[in-house]
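Attaching a predicted model along with its sequence, questions to come.
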Amino acid sequence: MSDDTYVPPRVWTWDKASGGQFASINRPIAGATHERELPQGRHPLQLYSLATPNGAKVGIMLEELLAAGFKDAEYDAWLIRIGEGDQFASGFVELNPNSKIPALLDTRVKPAVRLFESGSILLYLADSFGAFIPKDPAKRAECLNWLFWQMSGAGFVGGGFGHFFAYAPEKYEYPINRYTMEVKRLLDVLDRQLAEHRYVAGDEYTIADIACWPWFGEMLRNKVYGAAEFLDAQNYTHVLRWADEIAERPAVKRGQRVNKTWGEEAEQLPERHAASDFD
């Protein structure tokens, strides 16, 4: 055993200095840290988010709904700066007690419905508008299989990979290897599925695609973590074919800009309150 081997204490205690890049916002307790109400606009749906892989899902879904002609899907998108702790404001915690983006408020009904967890939001919107989810029970079940597959693995595994590969204060071989192995296993699962189907859940574009694309599609297109070469992206030919097709959808192009504050200026749209904002 080397001298620098970590030995866990009998009882873990919080060291505020050990959080690396995210030390200022990571903490082992829930609840609000400060008082601040959430803003509300004039549209039926109020989105509070940031264009991370999870956050981009809802912006894409809303833009797809609007493109499909659902006028009641008009929305205001408000920026939640997670690096500055906006997710711990009292108003946001009331909307999502887990203090994670995205969160959505549906004011079309009284009382308004709060929604958190990206998969829950996608499913709610799909059912509410009757779009991007199959009506046939067997096909719906397959769509939900892949939606929950993404929710159960990509966020934690992909996020863990990204943390140790791109954000950790030091590079550690063991966690990078551990998370890389699981990310590549998930990519192989998806690649085998897409070898036999045009879209994730079959031959119909659904919320399963909207959930998976910001993670797996953009990871292989080198838009997330800058890890495409490291992951040997070219080996996943079917995922890349699918990823490039989804990327060309006009609603996807718009949706991934919503609540984005980095990259080229033309790709950013910190807040969205009207379709004309994209211009």
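Perfect, thanks for sending it. Numbers count the residues shown, from 1 in each chain.

give me every residue that touches Leu194.
By Cβ atoms under 8 Å, 6 or more residues apart in numbering, the residues touching Leu194 are 200, 238-239, 241-242. (C-beta placed from N, C-alpha, C; glycine too.)

Try it again at 6 Å.
Listed by Cβ atoms under 6 Å, 6 or more residues apart in numbering, the contact partners of Leu194 are 238-239, 242.

Helix, strand or coil: sort out the residue nearest to it when sequence neighbours are not counted for me.
Of all residues not flanking Leu194 in the chain, His238 sits nearest, at 3.9 Å (Cβ to Cβ, 6 or more residues apart in numbering). Using DSSP: H, G, I helix; E, B strand; the rest coil, the structure places His238 in helix.

Tell me the spacing between His238 and Phe161.
Distance, His238 to Phe161, by Cβ to Cβ, to the nearest Å: 21 Å.

If you count surrounding residues, which of the two has more?
Using other Cβ atoms under 10 Å, the more surrounded residue of His238 and Phe161 is Phe161, with 27 against 16.

hang on, the earlier thing: contact partners for the residue nearest to Leu194?
If a contact means Cβ under 6 Å, 6+ apart, then His238 has 191, 194-195 as its contacts.

Next: Lys260.
Here Lys260 is in contact with 51, 268 (criterion: Cβ under 6 Å, 6+ apart).

State the distance from the residue nearest to Leu194 to Trp149.
16 Å.

Ser128 belongs to a strand?
No. Membership of Ser128 in a strand is not supported by three-state DSSP, which gives helix.

what's the average pLDDT for whichever helix in the chain runs longest?
Using DSSP state H, we find that the single longest helix of the chain is helix 173-194. Mean pLDDT, computed over helix 173-194, is 96.

Give me the contacts around stretch 145-159.
Residues outside stretch 145-159 that contact it (Cβ under 6 Å, 6+ apart): 119, 182-183, 186, 200-201, 207-208, 211-212, 215.

Which residue comes closest to Val239 once chain neighbours are left out?
In space, and not counting its chain neighbours, Val239 is closest to Asp191: 4.9 Å by Cβ to Cβ, 6+ apart.

where does the residue positioned nearest the centre of the chain fall, helix, sheet strand or coil?
Closest residue to the average C-alpha location of the chain: Asn54 at 0.7 Å, with Cα atoms, centre = their mean. For Asn54, the secondary structure call by three-state DSSP comes out as helix.

pLDDT value on it, please?
Taking Asn54 on its own, its pLDDT is 96.

So what does the closest residue to it other than its chain neighbours have for phi and psi?
Spatially, and ignoring its direct neighbours in sequence, Asn54 is nearest to Ser118 (4.7 Å; Cβ to Cβ, 6+ apart). Per-residue torsions, Ser118: phi -60, psi -40 (degrees, to the nearest 10).

Ser118 against Gly55, yeah?
No. Using Cβ atoms under 6 Å as the test, Ser118 is too far from Gly55 to be in contact (7.5 Å).

Touching both of these two, which residues are there?
Common contacts of Ser118 and Gly55, defined by Cβ under 6 Å, 6+ apart, comprise Pro102.

more crowded one of these two?
Neighbours were counted for Ser118 and for Gly55 using other Cβ under 10 Å; Ser118 has more, 30 against 26.

Model confidence for that one, exactly?
pLDDT, Ser118: 98.

and what of the one 3 residues further on?
Ile121 is assigned a predicted lDDT (pLDDT) of 98.

thought it was touching Asp106?
No. Counting by Cβ under 6 Å, Ile121 stays clear of Asp106, with 9.5 Å between them.
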